[in-house]
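1. one predicted model, sequence on top.
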Amino acid sequence: MTLPQRDEPNGPGKSRGRRVVGRLPALLALLLAAGCGGGAPDDLLSPTAVDVALPPTTVADTPTVAPTPTMWPTTTAASMATATALPTPCALSILPAFQPAYLDIELGCPLNAGLDPIATAYAPFEGGQMLWRQDNAIIYVLTNDGRWTQYDDLWREGEAEFTCGQPSNPPTPVRGFGRVWCDQPVVRQGLGAATSAEIGDAGGRAQDFVNGMLLAAPDGSTFVLVGESATWRRVWPND
């Protein structure tokens, strides 16, 4: 069955269709314009850029350190005097007769003002000599190897002159020299036989020092006995 067509020239359906068709071209034009960049601005299509104002960076100024000047010690007369240690003068003087034989670096300062005159004795041997001082009653044995030792004088007045028996040739040392020579084998072996009789001197000289002594011999020479090294030397007047 064929239904009759409804002719609604002025009906609501026809009029709505026309309005929709009439809007499509405008909407398409708007979309095309937007797609081609003609209608919408670029800032609407891209993320909004937000400018953040950062505070200015403040760089702390690094302080400039001035170089430390090199301080050199100031040399003055006082500092030079302090740096250069001067030898301390001795409180006592050297006997004038001993000045040629004295060495301060060897003996040091005197312990006394010197004994002048003093009774002394001297005896020569094959291997050295013996010396005696009356003030301290000490006998000094000096051997030719440059060494010296000392012994107490144990001989007393009234005892036999020849401690080892009768005189002989070569002569036997007497009194205190003979007592040490006879009683001490090391002395007897070191010195050997006496080459002459002992010589006494009432006008001798002696002076003691921090590190030894000076003793005058009857012939005018001076014996230097160094304590620390136990060595000796002999100084003649013209040396």
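-> Structure's in. What do you need?

2. let me see the ranges of the helices in this structure.
-> Remark: helices assigned in the chain by DSSP state H are 12-35, 42-45, 77-83, 104-107, 175-183, 185-191.

3. by mean pLDDT, show me the worst of these.
-> For the helices of the chain, the weakest mean pLDDT is recorded on helix 42-45, namely a mean of 46.

4. low pLDDT regions in this structure?
-> Applying pLDDT under 70 to the chain flags residues 1-87, 169-170.

5. which residues of the chain fall in strands?
-> With DSSP state E as the criterion, the chain has strands at 115-125, 128-133, 138-143, 148-152, 199-209, 212-216, 222-226, 231-235.

6. would you turn those strands into TSV with mean neighbour count and distance to residue 89?
-> Glycine gets a C-beta too; all of them are placed from N, C-alpha and C. Output for these, formatted as TSV (neighbours: other Cβ atoms under 10 Å; distance: least, Cβ to Cβ, whole Å):
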stretch	mean neighbour count	distance to residue 89
strand 115-125	19	22
strand 128-133	23	27
strand 138-143	21	29
strand 148-152	17	29
strand 199-209	18	15
strand 212-216	24	19
strand 222-226	21	21
strand 231-235	16	23
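
7. output those strands as JSON lines; include the columns distance to residue 96.
-> Output for those, formatted as JSON lines (distance: least, Cβ to Cβ, whole Å):
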{"stretch": "strand 115-125", "distance to residue 96": "9"}
{"stretch": "strand 128-133", "distance to residue 96": "20"}
{"stretch": "strand 138-143", "distance to residue 96": "23"}
{"stretch": "strand 148-152", "distance to residue 96": "25"}
{"stretch": "strand 199-209", "distance to residue 96": "10"}
{"stretch": "strand 212-216", "distance to residue 96": "12"}
{"stretch": "strand 222-226", "distance to residue 96": "12"}
{"stretch": "strand 231-235", "distance to residue 96": "14"}
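
8. for residue 166, find the nearest of those.
-> Closest approach to residue 166 among the strands of the chain (Cβ to Cβ): strand 115-125, 18.0 Å.

9. show me what the closest one is in contact with.
-> If you take Cβ atoms under 8 Å, 6 or more residues apart in numbering as the criterion, strand 115-125 is touched by 95, 97, 129-135, 173, 176-177, 191-207, 215-218.

10. list the residues that contact residue 146.
-> Taking Cβ under 8 Å, 6+ apart as the test, what residue 146 contacts is 231-233.

11. switch the cut-off to 7 Å
-> Contact analysis of residue 146 by Cβ atoms under 7 Å, 6 or more residues apart in numbering lists 231-232.

12. tell me the contacts of the nearest residue to residue 125 once chain neighbours are set aside?
-> Excluding the flanking residues, the one nearest residue 125 by Cβ to Cβ, 6 or more residues apart in numbering is residue 191, at 3.9 Å. By Cβ under 7 Å, 6+ apart, the contact list for residue 191 reads 125-128, 141, 143, 181.

13. if you set the cut-off to 10 Å instead, what comes out?
-> For residue 191, the contact set (Cβ atoms under 10 Å, 6 or more residues apart in numbering) comprises 123-130, 141-144, 173, 177, 180-181, 184.
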